[in-house]
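Colleague: Okay, sequence plus prediction incoming.
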Number of protein chains: 2
Amino acid sequence: MDTQLQELTQTETAKPGTSIQIFAPATVANVVCGFDVLGFAVNAPGDEVVMRVTDKPGISISKITGDNGRLPMDPAKNTVSVSVRHYLESIGRTDLGLDIELHKKMPIGSGLGSSSASTVAGLFAAKTLLDDQRDVAQLLPFAMKGEEMACGHGHADNVAPALMGGFVLIRSYEPLDVVRLPHPKDLWCAIVFPDVDVPTREARQIIRNKINMKDAVTQWGNVAGLVSGLFMNDIGLIGRSMKDVLVEPVRSMLIPGFYQMREQAMELGAVSFGISGSGPSVFAFTRDEQTAHNITHKLQQYLTGMKINSNAYVSTINDAGPRVI
Amino acid sequence: MDTQLQELTQTETAKPGTSIQIFAPATVANVVCGFDVLGFAVNAPGDEVVMRVTDKPGISISKITGDNGRLPMDPAKNTVSVSVRHYLESIGRTDLGLDIELHKKMPIGSGLGSSSASTVAGLFAAKTLLDDQRDVAQLLPFAMKGEEMACGHGHADNVAPALMGGFVLIRSYEPLDVVRLPHPKDLWCAIVFPDVDVPTREARQIIRNKINMKDAVTQWGNVAGLVSGLFMNDIGLIGRSMKDVLVEPVRSMLIPGFYQMREQAMELGAVSFGISGSGPSVFAFTRDEQTAHNITHKLQQYLTGMKINSNAYVSTINDAGPRVI
């Protein structure tokens, strides 16, 4: 993975006192059949970073809100500051002083790419303050450094769509090869986060290392079908392809009422239903906004009946990635 | 699999004495990373069927050429006649008499979909004689019956592209779901058949039943990359994606000098190189015709040096499928 960028030569930008506020989107990784290779960004929820240029070299974190004290304030341990530091080192701007305020606007450990959204917001803030004109995709290796710290693996299926927006395929890690995929414009996404604990590390560990070739063939037929459906604007094909015979049967055990929720969502007209990332959030694709709302409403009712708190979000796919707010 | 078509009502067509000659194309299944789900048709080689309406109900085979006596003349045992019989039964036309001449114009057991080409030629001949206006894709289940007899498995990755032309994804078998994919128009295919014996059944048996999840993820990243490259007309992405970490390492052992041939093809400018179907044929994609000829020339020289006879074919992708000649 190439984490060496050309040095940034302009020094006119990023004067002390300048500040910027950035939103970066939540993301749905795996997308049912595309374990570790597919992800997409949504318009809500997301995280916000306020970054201010200071006159003292180095990165500080002055405030974190919305995390219930769960995230480290130490810049050496926070994924946002660590990623930004790697970026500044790469472009030869460790002379810079940056202060970070992180505002968590989405649940942590939800399977919605919470750490990725924060990291991408931080990196995009630094890039924008520095007026760095490079393509945003070049920040990906730095964002992956943050992921490595957050979940023990430098996965890109959350950071890549959070950074680039839209639907993203990570074809390969060695070397890193990322492909932006199109998608139907009228595809809506209903997300429900049941507030139960599913740590990413454990959700990975329960997945079998050895699988049947037959199941793998079924899976890559579906991955190919999903990708084709995205290119062909064929929502029917997208729905038929979003089946997971390998990971979902295992991970769904960590999500109370998963199959009941799926049945309810499909009955209400969902195109597809599955686990977002490693869960516990679940998501459904729908053909319109109302169906998405009907689904989140029904699933939240169901979870309340099981005495499980939940959050819900309805959104189209976010094509822009991070943005200044 | 649905092998029940609506009955064909018109009886004006297919008068005794009427005859037709059909060409159906050879096919490259798997396409390196897409084991059991991808295939494409080429313009050369292919098989030919001459079909004649007789006045005696039932299917007969009067002649087979080019097979060195290897194919059964018994209509109950030949894949062409068996497939055609299933088709006639389905449309309620077992009253019809059809005589088949099969002209093998390509090697048997080559990994180029030899039996599929013959079967598709036969089915398309019957459909054309009967003036059956249904979409050609509806013949697929009958062609798969032939495959089942030929190789013990009703696979569609040869028959589907032979029948429909172009690049085809078999997303699912249960239910059968076939998607036609686009491809760059200037993609050339160089095929070399080394005349060594690799029976399809054995080539399947040596493939491991249990595989690593990690390798499967690599594979479906590549399948998704290849499909994306086809839609995006991105020959670079197509080439990068055509890697097989699961099947090729095992099957290549049955092909003398496989890795040397790959090295030679890539040095001459191939976009990608791999095994066609279960082998022993190998193929390379190239960006132009001359490069394809350079590759077949070089590989045939190399095989001659190992005292192995070979056939070579250079062609673009066949988008038409079977045709009247």
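Modeller: Received the coordinates, thanks. What you see is a predicted model, and the numbers here were worked out from it, not measured in a lab.

Colleague: so how far is the helix or strand where residue A:192 lies off the chain centroid?
Modeller: Here residue A:192, judged by DSSP states H and E, is contained in strand A:188-194. Relative to its chain's centre, strand A:188-194 lies at 14 Å (CA atoms, centre = their mean, to the nearest Å).

Colleague: elements contacting that strand?
Modeller: Contact here means 3 or more CB pairs under 8 Å, 6 or more residues apart in numbering or on different chains; DSSP states H and E; on that basis strand A:188-194 packs against strand A:19-29, strand A:38-54, strand A:282-286, helix A:289-305, strand A:310-316. Just so you know, the C-beta spots here come from the backbone N, C-alpha and C atoms, and that holds for glycine as well.

Colleague: Can you give the strand pairings for the first one, parallel or anti for each?
Modeller: When sheet partners are counted by DSSP bridges, strand A:19-29 sits next to strand A:38-54 (antiparallel), strand A:323-324 (antiparallel).

Colleague: Return the most buried member of the ones you listed.
Modeller: Ranked by average neighbour count under the criterion mean count of other CB atoms under 10 Å in any protein chain shown, those are headed by strand A:38-54 at a mean of 24.

Colleague: Run the chain-centre distance for it.
Modeller: For strand A:38-54, the distance to the chain centre is 9 Å (CA atoms, centre = their mean).

Colleague: What of stretch A:101-108?
Modeller: Relative to its parent chain, stretch A:101-108 has a centroid offset of 13 Å by CA atoms, centre = their mean.

Colleague: Could you check it and say which residues are buried?
Modeller: A:101, A:102, A:103, A:104, A:105, A:106, A:107 (16 or more other CB atoms under 10 Å in any protein chain shown).

Colleague: quick one: the fourth one and residue A:78 touch, right?
Modeller: Same thing as residue A:104. No: with contacts counted by CB atoms under 8 Å, residue A:104 stays clear of residue A:78, the gap being 11.8 Å.

Colleague: Need the residues touching each of these two.
Modeller: The contact sets of residue A:104 and residue A:78 overlap at residue A:71 (CB atoms under 8 Å, 6 or more residues apart in numbering or on different chains).

Colleague: tell me which residues in stretch A:238-257 are buried?
Modeller: So stretch A:238-257, judged by 16+ other CB under 10 Å, has buried residues A:238-248, A:251-252, A:254-257.

Colleague: what about stretch A:66-85, average pLDDT?
Modeller: Regarding stretch A:66-85, the rounded mean pLDDT is 93.

Colleague: So which bits of that stretch are buried?
Modeller: Going by neighbour count (16+ other CB under 10 Å), the buried part of stretch A:66-85 is A:67, A:71, A:75, A:78, A:79, A:80, A:81, A:82, A:83, A:84, A:85.

Colleague: where does the first one fall, phi/psi-wise?
Modeller: So that's residue A:67. Residue A:67 adopts backbone torsions of phi -110, psi 0, taken as degrees, to the nearest 10.

Colleague: What of the fifth one?
Modeller: The phi/psi pair for residue A:79 (degrees, to the nearest 10) reads phi -60, psi -30.

Colleague: How much space separates the closest residue to it other than its chain neighbours from residue A:120?
Modeller: Nearest residue to residue A:79 in three dimensions, chain neighbours excluded: residue A:146, at 3.7 Å (CB to CB, 6 or more residues apart in numbering or on different chains). Residue A:146 sits 9 Å away from residue A:120, going by CB to CB, to the nearest Å.
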